[in-house]
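K.L.:
Got a predicted structure plus its sequence, pasted below:
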There are 4 protein chains.
Amino acid sequence: MIVAMQETAREEDIQRVIDHLIRMGFSVHRSTGVRQTVVAAVGARVDFDVRNLEVLPGVQEVHRISAPYKLAARSFRPQGTEIRFPNGVSVGGEQVLVMAGPCSVESREQLFTIADHVRRAGARALRGGAFKPRTSPYSFQGMGIEGLKLLREAGDKFGLLVISEVMEISQIASLLPYVDILQVGARNMQNFNLLRELGRVRKPVLLKRGIAATFEELLLSAEYIMMGGNYDVILCERGIRTFETYTRNTLDISAIPIIHKLSHLPIAADPSHGTGLRDKVAPMARASVAAGADALLIEVHHDPERALSDGAQSLYPEQFSKLMSELQMIASAVERKIA
Amino acid sequence: MIVAMQETAREEDIQRVIDHLIRMGFSVHRSTGVRQTVVAAVGARVDFDVRNLEVLPGVQEVHRISAPYKLAARSFRPQGTEIRFPNGVSVGGEQVLVMAGPCSVESREQLFTIADHVRRAGARALRGGAFKPRTSPYSFQGMGIEGLKLLREAGDKFGLLVISEVMEISQIASLLPYVDILQVGARNMQNFNLLRELGRVRKPVLLKRGIAATFEELLLSAEYIMMGGNYDVILCERGIRTFETYTRNTLDISAIPIIHKLSHLPIAADPSHGTGLRDKVAPMARASVAAGADALLIEVHHDPERALSDGAQSLYPEQFSKLMSELQMIASAVERKIA
Amino acid sequence: MIVAMQETAREEDIQRVIDHLIRMGFSVHRSTGVRQTVVAAVGARVDFDVRNLEVLPGVQEVHRISAPYKLAARSFRPQGTEIRFPNGVSVGGEQVLVMAGPCSVESREQLFTIADHVRRAGARALRGGAFKPRTSPYSFQGMGIEGLKLLREAGDKFGLLVISEVMEISQIASLLPYVDILQVGARNMQNFNLLRELGRVRKPVLLKRGIAATFEELLLSAEYIMMGGNYDVILCERGIRTFETYTRNTLDISAIPIIHKLSHLPIAADPSHGTGLRDKVAPMARASVAAGADALLIEVHHDPERALSDGAQSLYPEQFSKLMSELQMIASAVERKIA
Amino acid sequence: MIVAMQETAREEDIQRVIDHLIRMGFSVHRSTGVRQTVVAAVGARVDFDVRNLEVLPGVQEVHRISAPYKLAARSFRPQGTEIRFPNGVSVGGEQVLVMAGPCSVESREQLFTIADHVRRAGARALRGGAFKPRTSPYSFQGMGIEGLKLLREAGDKFGLLVISEVMEISQIASLLPYVDILQVGARNMQNFNLLRELGRVRKPVLLKRGIAATFEELLLSAEYIMMGGNYDVILCERGIRTFETYTRNTLDISAIPIIHKLSHLPIAADPSHGTGLRDKVAPMARASVAAGADALLIEVHHDPERALSDGAQSLYPEQFSKLMSELQMIASAVERKIA
């Protein structure tokens, strides 16, 4: 940690800072410059709140030197993490995994129709929501366990991995028999009790970035899961909230190269939630792969006008097929393959 | 709902929109203008996703006419909601309730020292966290039930209402015997299952605005609680995330008059979390009361440099006393009283 | 315009709204519903401030129906605008124009070295700043007219179009003899006097989106230029300001498909300013082309560590060459060609 | 400057950073820790682009230690700046200067009616726009010099200082004979050539914060003016752009205590532009004074429904009078007086 003192700081202010740091267990090095004094502190604590120093008299600014996360940092595994599934699919290596399907599981017929289509178009994982609490209390809330069973059945029939969202600790046990990847939604990115429990699970977790979460916060949330021993975390950009309201969210494509620099974990993109509008999904899916995404989450529905949730952002099957061929070409341009 | 068609929309596009609206149960009125056609739809559904229309060919824009919330809207109780407590304190009327105390309950001695002080300075409610999951997995996580017991004891001894945060459905039962107000934190503002359970409780709920939540989303979350029959909801502005990083968050003081216009529910402000820095707390507390806030949440600690959480944003006792006298004067300027 | 009245609005409130609209020259249609009254207003005025209605008693919300811009709207030229240059290059058609060069022109040797390289790598336009007022008053401020002459000379020698930034009305005359495209920077996007003057020019203008500008504001600024008769406007996404500070700005790739829907004007992307960091430029350039960008602005420097401005975001020549081959492949995936 | 190297940085990476710093004229101090190396650099340059280091191999992060502005920093004049006008009014001392008047000067009758009213209600300065380029090219654009003459005349008649906006270098000479304070609008906050010229003027400048400008950028812009020798700069918060669109902008009240800490310059607030809606102006004006604002800019119009610009955010005269009495009481609570 580096504490820069104000030019007007008095000797007693500097001593107070040094004492505070020593009491917190840091080793301290003081540099007295012509204009100002700088105090450097080194130590093992990562949970230190820098604001405790910022509010001391005479302090100008405080900078953390080391990232507050360790296991999620690139330096922990400089070569990157590749998560391998039994069916030969992997995330974080050469393949770009496409996970497609409806927003919500609505019925067997709906799910199997869509699963059949996305598999033939080249997707290797099936997405679908079973528990759907919604912004409005008046909306459809999901099929629950019944939906999970259908997902597993469709996954097995069409050779697709299954991913579905877990919203509460109590749902983990229900989901585990049916899914290959547990998804944590943007609103739960900082539900730390849930993350801690997912650290005890031995299945990969896809962790979505909150709509107002910084990269550091996203990586700290991944750290919560990894601390429990579950290192198979896939991060996912799904749009952030900005001043622009034309789209629901602004899909932050730059998250892809930035996460690749900061962390060894794979990074996915969800252009469906990231834009909220069907005609923006294909351009943003292409952009994600061009920027180096390791995976995509895409909503597809065979009859989106009648979908019970998020129909407006679901692709028609034929749009999805066309997109998949474009993605194949773009993937080769960046030396990847669509899986 | 109003659907404005593009100037270039074809007759079949217009018919598709009309058919879609009728299928969703709306009554439709069509106005054909010189430049464009406008379709107005009226009906009882509030859970309609306007994007389903936005993505149809020929549609230019879609506007909801009525707010998606009902119970939380000002029109539901034009005179406003006043929540009365047995000890004569109320929120939403003439009194401005000040809820003060430490970020986390750390020990009996800490809590009682602080409670004694804030009561003598004029606060009528004691705040304190018992369950503290933190951004970093390496930080102090709270005293749990033991903390709740101490809060109740201190509240009873000093004549203070008690408010503490509930983070999960499973904690509701633990909190109920000890607190007068259940607080929902910003990160749980859209934890809809938790909100729904709080609708069944018969104690007031203080609901904090998420750091990236719009006013509409905040009111929809209040609606979730009210739908269950619990109409005693206090909203709370606690800072939003903006591009400026000098403070942790930007306390949006304008939320106060805006919520007063949109809703009948009382609105509190939390300048401690809203700024994150001690020397900004008093100015922002004063600003909140001047803007019409119905209540304040303020962190106070007798030894903030040794606080286990958020010490940097806690006032020293003497700062709190001085602030309380300033607030008394400001409250009279707006025809209110500090309670 | 649609004015939705509150459920509690009185008849006199409704009449006041209607009178106000009539006085402003609108034709009014009133719909009295079960719950609320809605007033629709039709007319030719585009400069109406909807807030004048919003503040009237009894008004719930007001929605504009038609976009406040006309000439920049897609409906003005549904087939899109293609801007053709004498050397066979065009923007807005099949070709994706790459405009590359240094941030600032620093010397003949610097400029010619870079121009030679980017031309050989496939760029067809040379960018370079001559006037460089900077955020800090202590930084390098540009070569001025001398820089423009060098740009023209290099452009002619290597067969490159020339683009450079105009910052004030008084500079237009100086730039015109030397450049093929006049660039308006993000900070001048709402310098309306400058825009109006550029409407009188007969050379294309590249208009950058302000860092906090909505799409509507960007298109209104384009409208200012077009009103003067200059329809050759290229819009440019160059990053918006969000809560995330890891990169200088967040390049909003979704602007590309959104502008294509709202407007007939071509849209470029500037991944150099949009990210501010060299290693993010190539991924974001690829993403832009994959999303459908009509042009790219890319900073290249043969010795970026010694560049007088923005060296950190300039590509090394060999990085640029590699990027150009990737872009060729991505362009084919979306049925375009790099020009 | 502090450069923290990655844990995996090689010796040659560290040397490259050190060489780069030395070449830029810094003195360098290297600390080799157990986990990582930290390089501290000290020197006189303030225009250094830290990104030049951030992009070097092996660099983890770079922190500036000293603020990039000097003259605007609190340390330059720890006791604060008080700007005194001949009529006994001052800004930055005990008085809180209220500057009130119409958005645009529309006619002699309009201006004199309003000036008479605001003077009697206690304002000591008259605001009014003469040059009004607008977001939409189809709106009213101001009375120009004629408006300035009316402002001076009204100011002299009613004993009010006059403030009006300057939008271009060429307007400075026109404004100087008529105004006491030159206002720079939010869109011109980074029009560096204009700022530089205003540094040569010997009248106070009120500099508005851009809607997406950080405090550091605002202070750098003040620095531009002060470098020319004009130290009489009043900063002004007028609302920032956030994700919330209910109000035009979000008035950032916390800017007031923050600027007071970072700078010696007075800080004003403009609740009219900061909210854009009349019924939010009074609460936000009160909040600004409660938070310590040194001045207020408030729009008042005797017939706002017929105002040619921004009528929706203008107070009625009687609202302004009521507000002024509330402000008197709030000012005493913070040991100030309304002037």
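P.N.:
Arrived safely.
K.L.:
Show me what from the stretch 151-300 of chain A comes close to chain D.
P.N.:
Taking C-beta under 8 Å from any C-beta of the partner chain as the contact definition, the stretch 151-300 of chain A meets chain D at A:R241, A:T242, A:F243, A:T245. Bear in mind the C-beta positions are built from the backbone N, C-alpha and C, glycine included.
K.L.:
least trustworthy position among those, going by pLDDT?
P.N.:
Sorting these by confidence puts A:T245 at the bottom, with a pLDDT of 83.
K.L.:
Quickly find the element holding that one.
P.N.:
When elements are assigned from DSSP states H and E, A:T245 belongs to no helix and no strand.
K.L.:
That one touches D:T242, doesn't it?
P.N.:
No. With contact defined as C-beta atoms under 8 Å, A:T245 does not count as touching D:T242 (11.2 Å).
K.L.:
Compare neighbour counts for these two and give me the winner.
P.N.:
D:T242 (26 against 16; other C-beta atoms under 10 Å in any protein chain shown).
K.L.:
Look up how far chain C lies from A:L97.
P.N.:
18 Å (C-beta to the nearest C-beta, to the nearest Å).
K.L.:
Tell me who's in contact with that residue.
P.N.:
A:V89, A:S90, A:V91, A:R124, A:A125, A:L161, A:A268, A:D294, A:A295, A:L296, A:A339 (C-beta atoms under 8 Å, 6 or more residues apart in numbering or on different chains).
K.L.:
just checking, it is part of a helix?
P.N.:
No. Applying DSSP: H, G, I helix; E, B strand; the rest coil, one finds A:L97 to be strand, outside a helix.
K.L.:
where does it land on pLDDT?
P.N.:
98.
K.L.:
gap between it and C:D13?
P.N.:
Distance of A:L97 to C:D13, computed by C-beta to C-beta, to the nearest Å: 57 Å.
K.L.:
same thing with A:L206?
P.N.:
If you go by C-beta to C-beta, the gap between A:L206 and C:D13 works out to 51 Å.
K.L.:
again, but for A:A222
P.N.:
From A:A222 to C:D13 the distance is 54 Å (C-beta to C-beta).
K.L.:
likewise A:V91?
P.N.:
Taking C-beta to C-beta, one finds A:V91 at 59 Å from C:D13.
K.L.:
More neighbours: these two, which one.
P.N.:
For A:V91 versus C:D13, neighbours defined as other C-beta under 10 Å are more numerous around A:V91 (28 against 17).
K.L.:
which ones among the residues of the stretch 151-300 of chain A next to chain D come in contact with chain C?
P.N.:
Restricting these to those near chain C - C-beta under 8 Å from any C-beta - leaves A:T242, A:F243, A:T245.
K.L.:
okay, those in a markdown table with distance to D:Q79 next?
P.N.:
Below are these laid out as a markdown table (distance: C-beta to C-beta, whole Å):
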| residue | distance to D:Q79 |
| --- | --- |
| A:T242 | 40 |
| A:F243 | 38 |
| A:T245 | 45 |
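K.L.:
Looking at the residues you listed, which one is closest to C:P317?
P.N.:
Using C-beta to C-beta, A:T242 comes nearest to C:P317 of those, at 34.1 Å.
K.L.:
which of the contacts of A:L97 are buried?
P.N.:
A:V89, A:S90, A:V91, A:R124, A:A125, A:L161, A:A268, A:D294, A:A295, A:L296, A:A339 (16 or more other C-beta atoms under 10 Å in any protein chain shown).
K.L.:
hang on, the third one packs against A:A295?
P.N.:
Yes. The pair A:V91 and A:A295 passes the contact test of C-beta under 8 Å, sitting 5.3 Å apart.
K.L.:
Spit out the residues that contact these two alike.
P.N.:
Between them, A:V91 and A:A295 share the contacting residues A:L97, A:I234, A:P266, A:A268, judged by C-beta under 8 Å, 6+ apart.
K.L.:
Which one of those residues is nearest to chain D?
P.N.:
Checking the shared contacts of A:V91 and A:A295 against chain D with C-beta to the nearest C-beta, the nearest one is A:P266 at 19.8 Å.
K.L.:
ok, now which ones touch that closest one?
P.N.:
So A:P266 contacts A:G80, A:T81, A:E82, A:I83, A:V91, A:G92, A:I234, A:L235, A:D294, A:A295 (C-beta under 8 Å, 6+ apart).
K.L.:
Relative to A:K337, how far out is it?
P.N.:
Following C-beta to C-beta, the distance that separates A:P266 from A:K337 is 15 Å.
K.L.:
which stretches of the stretch 201-339 of chain A form strands?
P.N.:
A:205-208, A:233-237, A:267-269, A:295-299, A:337-338 (DSSP state E, counting those that start in this stretch).
K.L.:
strands paired with the last one, and their directions?
P.N.:
To tie it back to what came earlier, the one meant is strand A:337-338. Note on strand A:337-338: by DSSP bridges, its sheet partners are strand A:95-101 (parallel).
K.L.:
pull the CA atoms of the strand it pairs with into CSV?
P.N.:
Below are the C-alpha coordinates for strand A:95-101, written out as CSV (Å, rounded to 0.1, in the frame of the first residue of the first chain):
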residue,chain,number,x,y,z
GLN,A,95,-13.0,-24.1,-28.5
VAL,A,96,-15.6,-21.3,-28.1
LEU,A,97,-18.5,-23.0,-26.4
VAL,A,98,-22.0,-21.9,-27.5
MET,A,99,-24.7,-22.4,-24.9
ALA,A,100,-28.1,-21.8,-26.5
GLY,A,101,-31.7,-22.3,-25.6
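K.L.:
what angle do it and strand A:295-299 make?
P.N.:
20 degrees (axes from the mean of the first three to the mean of the last three C-alpha atoms, to 10 degrees).
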